[in-house]
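1. With the sequence up front, the predicted model follows.
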Amino acid sequence: MLKIFLRTFFSFGVLFGLACSLQATELSLPRRSWFVDMSKFQASSHGRLSCSECHSNIEEKGVKHPDPQLLNRSSTLLYDYQRCERCHPQVYQRYLKGAHARALIERKKDAPTCGNCHVSHYVIALPSRLEVGRWMTEMCGECHPAEKRTYLENYHGKAAATLGYEASAYCTDCHGAHTCLSLKKKETALEACQKCHPNASLRFTDFVIHASKEGVKKEDVEKLNKLNVLRWVEIGFGLLVFGVLAFFYSHTLVWILRKAHEWLKRK
């Protein structure tokens, strides 16, 4: 009985520890606002720059800063991030080739710019891969919550973001940092997979990373079929685990009742 109790207690302890470690990866992201904490700014990578180098003027429809009307608008949306190209030409050109820039050109709602992913006033140079990866998981998750959830449920996310294994894959390892790519085409996905799995073949891309129907279009029949199969496998294994546990706990209960019966007979 003591062994059974200890094993059960240990199992719950492991699950609780994993849950706590997962919670620990959820970073609090700084909010963009018109207020700038100058002490943090001066300690950042951009702290050596004067404000006028990036903000020669702030204007929208003839209304100029510091007019109070501008304070009702998002500071991120008002900034012209083409100015970033002056110091980051290669990065900016990569951004223009990606899905985020295309969405911005097509005027899709909430299409991300530099400022959506980078908190420019507080960015720190040369952080560790783990710090960048965990930050990125939270940052990408703001616009892609389903992808963040399924990533953290996947081996890649558990090993990288949760357990801190730096060699595992983060978002940009597969999708690219600035040239953000959709991996719906198998050939494109295979190139991403082969970065870590050089011997991977086209069948390797059949593995579903983001196992969620959220955001999947009806036309994507192949992925929907895979998700249905995964759902039935999940249900099947859930029933199997439940059946095994029910059998052994029932067996343990019967064993306890028998021991209690024997003990009462001796009395």
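-> Yep, it's here.

2. How are the strands of the stretch 51-200 of the chain distributed by residue range?
-> For the stretch 51-200 of the chain, the strands defined by DSSP state E, counting those that start in this stretch cover 59-60, 63-64.

3. partner strands of the first one, parallel or antiparallel?
-> To tie it back to what came earlier, the one meant is strand 59-60. Using DSSP bridges, the strands paired with strand 59-60 are strand 63-64 (antiparallel).

4. From the chain's centroid, how far away is the strand it pairs with?
-> Remark: strand 63-64 is offset 37 Å from the chain centroid, using CA atoms, centre = their mean, to the nearest Å.

5. Give the rounded mean pLDDT of that strand.
-> Strand 63-64 comes out with an average pLDDT of 73.

6. how about stretch 129-146: buried residues?
-> 132-137, 139-141, 144 (16 or more other CB atoms under 10 Å). For glycine as for every other residue, the C-beta is placed from the backbone atoms N, C-alpha and C.

7. oh sorry, the question was meant for stretch 181-199
-> By neighbour count on 16+ other CB under 10 Å, the buried set for stretch 181-199 is 181, 183, 189-190, 192-193.

8. Next, the distance between the ends of that stretch.
-> Terminal residues of stretch 181-199 are spaced 22 Å apart (CA to CA, to the nearest Å).

9. With stretch 32-47 instead?
-> 17 Å.

10. Over to stretch 136-149?
-> First-to-last residue span, stretch 136-149, CA to CA: 13 Å.

11. Read off the pLDDT value for Ser182.
-> At Ser182, pLDDT is 83.

12. Could you number the chain from 32 rather than 1 from now on?
-> In the new numbering, first residue 32, that becomes Ser213.

13. Return the residues in contact with it.
-> Neighbouring residues of Ser213 by CB atoms under 8 Å, 6 or more residues apart in numbering: 130, 206, 219.

14. Can I get the buried residues of stretch 160-177 in TSV including pLDDT?
-> Shown next, in TSV, are the buried residues of stretch 160-177 (pLDDT from 0 to 100):
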residue	pLDDT
Val163	87
Gly164	89
Arg165	89
Trp166	87
Met167	88
Thr168	90
Met170	88
Cys171	90
Gly172	90
His175	90
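
15. out of these, which one sits closest to Ser76?
-> Among the buried residues of stretch 160-177, Val163 lies closest to Ser76 (CB to CB), at 13.3 Å.

16. thinking again about what came up before, identify those among the buried residues of stretch 160-177 that sit within helices.
-> 163-168, 170-172 (DSSP state H).

17. Would you mind checking which of those residues is nearest to Cys115?
-> Out of these, the member with the shortest distance to Cys115 (by CB to CB) is Met170, at 16.8 Å.

18. From Glu222, how far out is the spatially closest residue to the closest one that is not a sequence neighbour?
-> Nearest residue to Met170 in three dimensions, chain neighbours excluded: Cys148, at 5.7 Å (CB to CB, 6 or more residues apart in numbering). Distance from Cys148 to Glu222, counting by CB to CB, to the nearest Å: 23 Å.

19. Ile155 contacts Ser75, doesn't it?
-> Yes - the criterion here is CB atoms under 8 Å, and Ile155 meets it with Ser75 at 6.1 Å.

20. more neighbours, those two?
-> Shown here are Ile155 and Ser75; by other CB atoms under 10 Å, Ser75 has more neighbours (18 against 13).

21. got the contact list for that one?
-> With CB under 8 Å, 6+ apart, Ser75 has these contacts: 152-155.

22. For ChimeraX, what selects the buried ones among those residues?
-> Buried residues among those (16+ other CB under 10 Å), as a ChimeraX selection:
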select :152,153
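
23. Reformat the contacts of Ser75 into CSV and put pLDDT and distance to Ser87 next to each item.
-> Compiled in CSV, the contacts of Ser75 are given as follows (pLDDT from 0 to 100; distance: CB to CB, whole Å):
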residue, pLDDT, distance to Ser87
His152, 87, 17
Tyr153, 86, 21
Val154, 85, 20
Ile155, 83, 25
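
24. Now Gln225: phi and psi?
-> The phi/psi pair for Gln225 (degrees, to the nearest 10) reads phi -70, psi -10.
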